[in-house]
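J.: Sequence first, predicted coordinates after that:
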Amino acid sequence: MKRIGLFINGQSVPSETGKYFQVLNPATKEVVAEVAEGNEDDVNKAVSAAAAAFNQTEWAVNKDLRYRVLNRLAAILRESLPELVELESMMTGRPIREMKAQLSRLPEWYEYFASVAKTLEDAVPPFGGEFVNYTNRIPLGVVALVTPWNHPLLILTKKLAPALAAGNAVVVKPSENTPVTTYFLAELAQEAGVPAGILNVVQGYGAVVGKALTSHPSIEKVDITGGTETGRHVAAAAGYNLSKVSAELGGKASVLVLPDANLEEAVNGSAFAAFIAAGQTCVQGSRILVHESMYEDFIDKFIAKAKKLLMGDPKKFDTDIGPVISEKQYKQILSYIQIGQEEGAVLAFGGTAPEQDELANGYFITPAIFTQVTNSMRIAQEEIFGPVTCVMKYSSMEELISIANGTEMGLAMSIWTNNVRDAHWLANRLEAGIVWINDHHRIDPSSPWGGFKNSGIGLENSIQCYKDYTKTRNVIVNISRQHFDWFDGTTQEKRYS
Ligand code: TXE
C-alpha cells in the first residue's frame with residue numbers, strides 16, 4: 001500500500017505527529033493510500049517554507065522563469081495524465097471516462113495563466129499635470145488554497161495556475177477524502193522547475209489543517225471551494241486577518257427549458273447537468289424548470305434517459321455513473337430523498353441502491369428524479385450534492401424567472417431554447433454568476449467562474465482571477481523641471497493634490 005507524506009519545502013516529509021489517515025475508494029471501500037495527517041505545526045512549517053521561498057528565490061520577481069516553468073508543467077502533466085486519471089478515479093469513484101475528459105484539459109490552465117503573466121500590461125493612469133504614473137502588479141506573498149473532493153485536480157488547478165503565474169508561494173490543503181493526486185501534482189511542479197518551498201501541500205482534516213491554514217496571519221489570500229458554511233467560517237477568519245478571500249461555495253443550479261426547446265436536446269442536456277459526477281458538482285442541474293406545454297413529455301423522456309445510464313465500476317469505460325464519495329454524503333443524499341417524499345414530492349425514478357451485487361460494497365445511489373416539486377420544498381432549496389434532481393413546471397416567463405431566482409444560491413443556470421432573443425433577454429435577468437445557453441458545465445481558463453448570493457465571493461478563471469492574485473504598486477513620478485516648495489512664502493495657488 002502506498003504511504004504518502006506531506007510536501008513541504010520540496011520534500012516529502014512525515015507529519016509532526018507521525019500519524020497517517022486512510023483514503024478509501026468509494027466504489028469498493030478499499031484503501032487507496034495512507035496519507036500523512038498534518039496539524040497546526042505542519043501548517044506553520046509549510047507557511048514558513050513558503051515565505052522563505054517567496055523572499056529568497058527568483059519566483060516572485062522573474063516572470064520569464066514562471067512562464068517557462070508553467071509551460072513545462074503543462075507538458076509534464078500531459079504526459080502524466082494516464083496515471084493521474086486512474087488515481088483520481090480511484091479516490092473519487094468517478095467514472096474513468098469522466099476523469100479522462102476532465103483531466104486532459106488541465107494543462108490548458110497552466111498555459112493560459114503563464115501567457116497572462118507574460119502578456120498582461122500594467123496601467124499608465126492619466127494622472128494630469130507634469131506627472132507620469134504607472135502601476136506594477138506584484139504577487140501577494142503566501143496564499144492558501146483549500147480544495148474539495150469532487151474535482152480534486154481541476155479545482156486545485158483553477159486556483160494554483162493563476163496563483164503560481166502571478167508569482168505567489170502556495171500552501172494547499174486538499175480534501176481529506178481525495179488528497180493523493182494533489183501530492184503528485186506538487187512533485188510534477190517541482191520536476192518542472194517550481195522552486196522548493198513555492199508549492200507546499202499539507203494534508204489533513206478541515207477542522208485542524210484547514211482552520212490553522214486559513215486563519216494563519218501570514219496568509220495573504222485564502223481561496224477555498226467547499227460548502228457554504230465552511231466558506232463563511234473561512235471568510236470570517238480571513239476578514240480578521242485582513243487577507244483577501246475567494247470562495248466558491250454551494251449551488252442549486254436551475255436548468256430552464258423554454259417552450260420552443262428541442263425536447264430531445266433539453267432532455268439530454270438535463271441528464272448531463274444533473275447526473276455527471278453522480279451529481280456532485282457545485283453547478284449540478286438540481287432544478288429542472290420545464291414549460292407546462294411539454295412537462296409530461298419531458299418527464300417521460302427524462303426518466304427513459306435516466307434508466308439507460310449505466311451505473312457501475314468506475315474503472316470500466318462504459319460506466320456512466322459511479323458511487324458518491326463517502327458514507328457521510330451517501331447518508332445525506334438518502335436523507336434528502338426521504339425528506340422530498342415527506343414533503344409531498346413524487347419520487348418518479350431512482351433514489352435507491354442499485355440491483356447489481358457487485359456494487360453492494362460501494363456508495364451507489366441510482367439517479368433520482370422528483371416531480372410534483374414546489375419551490376419552497378427543502379429538496380428544491382438546499383444543496384443535496386448527489387444524483388438527485390427536481391423537475392418543476394412553469395407557465396409564464398415571469399413565473400420561470402421567479403422560480404429560477406427563488407433560491408439563496410446563485411452560482412450557475414442553463415437555458416435551453418432556439419429563440420435567440422428570449423435566450424439573451426432571460427440570461428440578463430438571472431441571478432447567477434454563470435449562465436449557459438444550450439449547454440451546461442462548460443468551462444475554460446479564460447472564462448470567469450464564480451457565484452452570486454450565497455454561492456460565494458470572488459472568481460476563478462479569467463484575467464480577473466489572475467489580477468486577484470496580485471496587488472498593485474502605484475508609482476507616481478514628478479517630471480516637472482520646476483522645483484516645488486509649498487511653503488515658499490508666496491501664497492500662490494498651486495496644485496497639491
Ligand atoms: O465540504 P467542506 P464537505 C458542499 C456540498 C457538500 C457539503 C459538505 O453541499 O454536501 O459542502 O461537503 C475544508 N476551515 N460542497 O464536508 O467541509 C475541507 O477539509 C478550513 C460544495 O466535504 O466544505 C475540504 O478541504 N477548511 C463544494 C474543504 O474545506 C475547512 C465542494 C471543503 O470541505 C474547514 C464540496 C474549516 N473550518 C462540498 N472545514 C463545491 N462548491 O463544489 C472544512 N474545510
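T.: Right, received. Where do you want to start?

J.: who in the protein is up against the ligand?
T.: Proximity of the chain to the ligand is confined to 146-150, 173, 175-176, 206-207, 210-211, 214, 225-227, 230, 233-234, 248-250, 282, 329, 332, 383, 385 under the rule C-beta under 6 Å from any ligand atom. Where C-beta positions appear, they are placed from N, C-alpha and C, glycine not excepted.

J.: Just the buried residues from those, in PyMOL please.
T.: Provided next is the PyMOL selection string for whichever of the residues of the chain next to the ligand are buried by 16 or more other C-beta atoms under 10 Å:
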select buried, resi 146+147+148+149+150+173+175+176+206+210+211+214+225+226+227+230+233+234+248+249+250+282+329+383+385
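
J.: For the stretch 301-450 of the chain, give me the ranges with low pLDDT.
T.: The model of the stretch 301-450 of the chain has no residue with pLDDT under 70.

J.: in it, which spans are helices?
T.: 327-342, 378-381, 397-404, 420-427 (DSSP state H, counting those that start in this stretch).

J.: Return the subset of the residues of the chain next to the ligand lying in strands.
T.: Within the residues of the chain next to the ligand, residues falling in strands by DSSP state E are 146, 173, 225, 248.

J.: With distance to residue 100 and pLDDT as added columns, please give those in a markdown table.
T.: Shown next, in a markdown table, are those (distance: C-beta to C-beta, whole Å; pLDDT from 0 to 100):
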| residue | distance to residue 100 | pLDDT |
| --- | --- | --- |
| 146 | 26 | 98 |
| 173 | 26 | 98 |
| 225 | 22 | 98 |
| 248 | 24 | 98 |
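
J.: Any idea how many residues pack against residue 195?
T.: 19 (other C-beta atoms under 10 Å).

J.: What distance do you get for the closest residue to it other than its chain neighbours to residue 194?
T.: Of all residues not flanking residue 195 in the chain, residue 57 sits nearest, at 4.1 Å (C-beta to C-beta, 6 or more residues apart in numbering). Using C-beta to C-beta, to the nearest Å, residue 57 is found at 9 Å from residue 194.

J.: ok, now residue 466?
T.: Distance from residue 466 to residue 194, counting by C-beta to C-beta: 17 Å.

J.: Residue 381 contacts residue 252, correct?
T.: Yes. Using C-beta atoms under 8 Å, residue 381 is in contact with residue 252, at 6.7 Å.

J.: more crowded one of those two?
T.: Comparing residue 381 with residue 252 by other C-beta under 10 Å, the one with more neighbours is residue 252, at 28 against 16.

J.: Quick one: residues contacting the more buried one.
T.: Going by C-beta atoms under 8 Å, 6 or more residues apart in numbering, residue 252 touches 286, 287, 380, 381, 382, 383, 407, 408, 409, 411.

J.: is it true that the fifth one touches residue 335?
T.: Meaning residue 382. No. Using C-beta under 8 Å as the test, residue 382 is too far from residue 335 to be in contact (10.9 Å).

J.: okay, those two: which has more neighbours?
T.: Legend: neighbour count by other C-beta under 10 Å for residue 382 and residue 335, higher for residue 382 (16 against 11).

J.: Could you give the bridge partners of residue 415?
T.: residue 256, residue 437 (DSSP bridges).

J.: Leaving out sequence neighbours, find the closest residue to the single nearest residue of the stretch 251-400 of the chain relative to the ligand.
T.: In the stretch 251-400 of the chain, the residue that lies nearest the ligand is residue 282 (3.2 Å; C-beta to the nearest ligand atom). Distance criterion C-beta to C-beta, 6+ apart; nearest residue to residue 282, sequence neighbours excluded, is residue 251 at 4.3 Å.

J.: From residue 439, how far out is that neighbour?
T.: Distance, residue 251 to residue 439, using C-beta to C-beta: 16 Å.

J.: Which one of those two is surrounded by more residues?
T.: Neighbours per residue (other C-beta under 10 Å) separate residue 251 from residue 439, with residue 251 holding more: 27 against 12.
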